[in-house]
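Enquirer: Coordinates only, no sequence provided:
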C-alpha cells in the first residue's frame with residue numbers, strides 16, 4: 001500500500017530477503033468448479049502461504065528479486081492459460097498483465113489486481129505478498145472453466161511510490177467503460193482480535209456512522225475485512241461482503257460518494273491502485289485490512305512485515321468470498337422469467353444485512 005507517510009528504514013539484518021533464484025510456485029491441480037461456491041472451494045490456505053513465502057523480500061524496480069518475481073508472476077499466469085503481456089512505462093516500471101478472453105462477452109472485463117513492488121528495507125509479506133498470493137489463487141481458480149466475460153489479472157509496479165504503474169495502465173485504456181469491476185488486493189491479511197487494535201482515520205465516524213458504531217460495538221477489534229468502493233462498485237462490494245461473511249469472517253463495506261472521490265479529506269481511502277480506476281469512473285473495490293490503522297508491521301514501522309505475522313485462515317476466507325463474487329461477475333445471470341436466479345445472487349447481501357441486524361440487536 002502506498003504510504004503517503006514516511007516509514008523509517010530498517011537495517012537489512014532485521015530480516016532475510018527471499019532467495020534471488022525464485023522458482024515458480026508448485027503446480028496446482030486444475031480447478032473445475034462451475035459455481036461460485038465450487039470455485040471458492042479451490043482457494044487453498046497452504047498454497048496462499050507458499051506463495052507469500054516465495055515472494056516475500058524487497059522488490060525495487062530493476063533489482064534482481066523484482067525481476068525474478070516479475071518473471072514468476074508471468075510464468076504462473078501463462079501456466080493457467082492466460083495471454084501474458086509485460087507493460088513497461090516511462091519511469092522504467094513494468095506491469096504484468098494476464099488476459100483470459102470471455103466466451104460470450106469478450107469486451108466486458110473483470111479485473112483482479114495487486115501490486116508487486118515494496119518499499120526499501122521492508123520485505124512486504126502482507127504489503128503486498130499476500131495480495132499477490134490472493135490474485136494468483138484467484139487467477140488459477142477462475143481459469144479452470146470458461147467464463148462469459150474476460151478476466152484480466154494485473155500485477156502493478158511502483159505502487160509504493162505513487163500508484164505509478166496503475167496510473168500508467170489506466171491512462172492507456174482504450175475503453176475504460178468496458179471494465180465491469182476491479183477487485184484490488186493490497187495489505188489485506190492481518191487480523192487482530194484484541195480490543196482497540198483497530199483505529200480509524202480522522203472524521204471516519206462522520207462519513208460512515210453505521211460502520212463506526214459497529215466497530216465500537218466490537219470493541220474496535222481488528223478482526224474484519226474492509227472493502228472500500230466507489231458508488232459504481234457498491235452492489236458488487238456488498239455482494240463480496242456477504243460472500244466473505246458466509247465463509248466465517250466479518251466484513252464491512254465503505255462506499256465513497258462520487259462527489260468526494262478526489263477529496264483531500266479522504267486520502268486515506270485512496271492509498272492503493274484502485275484510486276486511478278475511480279478517477280476514470282470505473283467501479284473498483286479495495287480489499288484491505290486497514291494497513292497502519294491496524295497492523296503495526298505495516299511498512300515495518302513497529303515490527304517486520306514477515307509471513308509469520310499473517311493470518312492465513314483470515315486471508316483464505318476473504319479470498320474465497322471474492323472468488324465467489326468474481327465468478328458471478330464473470331458469468332452474469334440472464335433472467336428470462338421468474339426470480340430464482342436473482343434471489344440466489346442477492347442472498348449474500350441479505351445474509352450481510354441479517355447479520356448487521358443481529359449484531360445491532362445483541363448490542364442493544
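Expert: Nice, thanks for sending it over. Every value quoted in this text rests on a predicted model; they were computed, and no experiment measured them.
Enquirer: burial count for residue 85?
Expert: A total of 12 residues lie near residue 85 under the criterion other C-beta atoms under 10 Å. Any C-beta I mention is one placed from the backbone N, CA and C, and that applies to glycine too.
Enquirer: hang on, it packs against residue 97?
Expert: Yes - under the criterion of C-beta atoms under 8 Å, residue 85 makes contact with residue 97 at 5.0 Å.
Enquirer: show me where pLDDT drops low in the stretch 1-150 of the chain?
Expert: By pLDDT under 70, the low-scoring segments of the stretch 1-150 of the chain are 2-27.
Enquirer: Please enumerate the helices of it.
Expert: 36-40, 45-55, 64-79, 130-141 (DSSP state H, counting those that start in this stretch).
Enquirer: Phi, psi for residue 226 please.
Expert: The phi/psi pair for residue 226 (degrees, to the nearest 10) reads phi -120, psi 130.
Enquirer: how about it, what does it touch?
Expert: When contacts are counted by C-beta atoms under 8 Å, 6 or more residues apart in numbering, residue 226 is found next to 251-252, 254, 286-290.
Enquirer: Let me see the contact set for the closest residue to residue 173 other than its chain neighbours.
Expert: Excluding the flanking residues, the one nearest residue 173 by C-beta to C-beta, 6 or more residues apart in numbering is residue 280, at 7.2 Å. When contacts are counted by C-beta under 8 Å, 6+ apart, residue 280 touches 170, 173, 176.
Enquirer: neighbours of the last one, just the number please.
Expert: To tie it back to what came earlier, the one meant is residue 176. Neighbours around residue 176, by other C-beta under 10 Å: 16.
Enquirer: Now residue 330. Nearest residue, chain neighbours left out?
Expert: residue 147 (4.0 Å).
Enquirer: wait, what's in contact with that neighbour?
Expert: Contacts of residue 147 (C-beta under 8 Å, 6+ apart): 100, 102-103, 327, 330-331.
Enquirer: go again using 10 Å as the cut-off
Expert: Shown in contact with residue 147 (C-beta atoms under 10 Å, 6 or more residues apart in numbering): 39, 100-105, 110, 326-327, 329-331.
Enquirer: of these, buried ones?
Expert: The neighbour-count criterion (16 or more other C-beta atoms under 10 Å) marks 39, 100, 102, 105, 110, 326-327, 329-331 among the contacts of residue 147 as buried.
Enquirer: Can you pick out the most distant pair from those residues?
Expert: By the measure C-beta to C-beta, 39 and 105 form the most distant pair in those, at 18.3 Å.
Enquirer: circling back: quick one: which of the contacts of residue 280 is nearest to residue 219?
Expert: residue 170 (39.1 Å).
Enquirer: Assign a three-state SS to the residue nearest to the closest one when sequence neighbours are not counted, would you?
Expert: Nearest non-adjacent residue to residue 170, counting by C-beta to C-beta, 6+ apart: residue 276, 4.2 Å away. Under DSSP: H, G, I helix; E, B strand; the rest coil, residue 276 falls in the helix class.
Enquirer: Okay, now the unreliable bits of the stretch 201-350 of the chain?
Expert: Along the stretch 201-350 of the chain, the model assigns pLDDT under 70 to residues 334-350.
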